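Visitor: no letters, just coordinates:
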């Protein structure tokens, strides 16, 4: 939909389970989607859990409205929040009355997404559902035995199919993720749509001089969580040839950070590993550009936005041969895959890259930049905009929705008045 001027601007409600200041791929996607649709002339509202305890409210200022729902912390996670249905239903109902969205785009089938999707379908509002999540991602944070976690994951897949099957269109970032949703959630016709990346933001600008690292450096960016397997990367760096002096930079925070720091001390490589914690976007860009290679050892990646960002910075990649990551590698051209959980194999692949000549590494990085072009954020925004309007996509019969949904329509007025804290939630909806 390259010329949206032919269509009336839409009111879009994005219902997200995680949103900045959370640091993860789904949160970043929600933010970039809101920013992109606002830039295209649509009226955007984001609905997400509050980042701290307290009543529901609407954030002041900003180029689009962000409505925060009453939420509660999870003891086993440093930022994930729970929204109890009996506390958020009235708030969501009143917000839907006030905002009167033409389309609702849910980002997950849990909590916020579940109730918003069901209520939107009940009202006849067009719904697009995107899944960024594998139920197994929850396993490290559930204090239950393995057998019970497996039951919870199976039931979660079933819930995903039952709930998202009510949407007019369902998407996920990669073909592999779509196949998983077909097999585990019994959801046919899921459309793979890349999360997208603004690749131009990571290029070196004309006249810009960025000094390289003194020693070959591997970069990891992401949440320091069990399923990311950063411990495997640390072991691998320790096993690279000593004369190469391979360094590792780790950007991000998370619950396993203390254990990783202890591992680095135990291996005696503290002079070669640096934990940067959370950094600004400008600092992150420099990390991508300066790195000799980027590594993602995680085994539960539905796409890996940080890998796309690294590739946009013309950086070679070494990725685990798991989930969606193989789609981002052409072996020997822009990087390599390694056997998941095998630090020896990873060490060999890191060594293969850092021993290349400067020119060969530059060519490998250029290949990364070429490959990432198909994930351009503008293409992603155009696809979602088409889905919002109900336009058909290749291989997807969107004219036959999964449920009963009306076409986008003009806003209607609020049915009632919201008292107390809920009034503040919807007050900024007109701004």
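Guide: Cool, the structure landed. Bear in mind the structure is a predicted one, so any value in this text is a computation, not a measurement. Numbering: from 1, shown residues only.
Visitor: run through this protein and note the low-pLDDT ranges.
Guide: Scanning the chain with the threshold set as pLDDT under 70 gives 1-6, 76-78, 135-143, 392-431.
Visitor: just the helices in it please.
Guide: 25-39, 85-99, 111-123, 146-164, 175-185, 230-239, 257-267, 281-290, 305-312, 343-354, 358-371, 377-389, 420-427 (DSSP state H).
Visitor: rebuild these as TSV, extending it with distance to residue 195 and mean neighbour count.
Guide: The C-beta positions use only the backbone N, C-alpha and C, and glycine is treated the same way. Putting the helices of the chain into TSV (distance: least, C-beta to C-beta, whole Å; neighbours: other C-beta atoms under 10 Å) gives the following:
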stretch	distance to residue 195	mean neighbour count
helix 25-39	5	20
helix 85-99	25	19
helix 111-123	17	21
helix 146-164	17	16
helix 175-185	11	18
helix 230-239	22	22
helix 257-267	25	15
helix 281-290	16	16
helix 305-312	5	27
helix 343-354	25	20
helix 358-371	15	17
helix 377-389	7	20
helix 420-427	28	16
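Visitor: adding distance to residue 45, write those helices out as CSV.
Guide: Putting the helices of the chain into CSV (distance: least, C-beta to C-beta, whole Å) gives the following:
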stretch, distance to residue 45
helix 25-39, 9
helix 85-99, 5
helix 111-123, 11
helix 146-164, 21
helix 175-185, 26
helix 230-239, 36
helix 257-267, 35
helix 281-290, 24
helix 305-312, 23
helix 343-354, 43
helix 358-371, 35
helix 377-389, 14
helix 420-427, 10
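Visitor: of those helices, which approaches residue 132 most closely?
Guide: Residue 132 lies closest to helix 25-39 among the helices of the chain, at 3.9 Å (C-beta to C-beta).
Visitor: just want the angle from the closest one to helix 377-389.
Guide: Using axes from the mean of the first three to the mean of the last three C-alpha atoms, to 10 degrees, the inter-axis angle of helix 25-39 relative to helix 377-389 is 80 degrees.
Visitor: for helix 25-39, packing partners?
Guide: Judged by 3 or more C-beta pairs under 8 Å, 6 or more residues apart in numbering; DSSP states H and E, helix 25-39 is in contact with strand 11-15, strand 43-49, helix 305-312, helix 377-389.
Visitor: again, only this time at 7 Å
Guide: If you count contacts as 3 or more C-beta pairs under 7 Å, 6 or more residues apart in numbering; DSSP states H and E, helix 25-39 packs onto strand 11-15, strand 43-49, helix 377-389.
Visitor: please identify which of those is closest to residue 21.
Guide: That would be strand 43-49 among these, by C-beta to C-beta, at 10.6 Å.
Visitor: which other residues reach that closest one?
Guide: Here strand 43-49 makes contact (C-beta atoms under 7 Å, 6 or more residues apart in numbering) with 9, 11-16, 19, 30, 34, 37-38, 64-69, 71, 81, 83, 95, 99, 112, 116, 429.
Visitor: what comes up buried for stretch 41-49?
Guide: 42-49 (16 or more other C-beta atoms under 10 Å).
Visitor: what would these look like in CSV with distance to residue 254?
Guide: As requested, the buried residues of stretch 41-49 are arranged in CSV below (distance: C-beta to C-beta, whole Å):
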residue, distance to residue 254
42, 34
43, 35
44, 29
45, 30
46, 24
47, 25
48, 20
49, 19
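Visitor: quickly name whichever of those is closest to residue 341.
Guide: The nearest one, if we look at the buried residues of stretch 41-49 relative to residue 341 and count by C-beta to C-beta, is residue 49, at 32.9 Å.
Visitor: report the beta-bridge partners for that closest one.
Guide: Beta-bridge pairing of residue 49 under DSSP bridges involves residue 69.
Visitor: what separation do you get for the nearest residue to residue 191 once chain neighbours are set aside and residue 229?
Guide: Counting by C-beta to C-beta, 6 or more residues apart in numbering, residue 191 lies nearest to residue 171, which is 4.7 Å off, once chain neighbours are set aside. Between residue 171 and residue 229 the computed distance is 27 Å (C-beta to C-beta, to the nearest Å).
Visitor: comparing the two, which residue is more hemmed in?
Guide: residue 171 (26 against 22; other C-beta atoms under 10 Å).
Visitor: tell me the contacts of the more buried one?
Guide: Contacts of residue 171 by C-beta under 7 Å, 6+ apart are 130, 190-191, 193.
Visitor: residue 64 is in contact with residue 34, isn't it?
Guide: Yes: using C-beta atoms under 7 Å, residue 64 is in contact with residue 34, at 5.2 Å.
Visitor: sorry, back to before: export the helices and strands packed on helix 25-39 as TSV, with columns for distance to residue 298.
Guide: Formatted as TSV, these follow (distance: least, C-beta to C-beta, whole Å):
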stretch	distance to residue 298
strand 11-15	25
strand 43-49	24
helix 377-389	22
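Visitor: residue 263 is nearest to which of the ones you listed?
Guide: It's strand 43-49; of the helices and strands packed on helix 25-39, that one is closest to residue 263 (C-beta to C-beta) at 32.4 Å.
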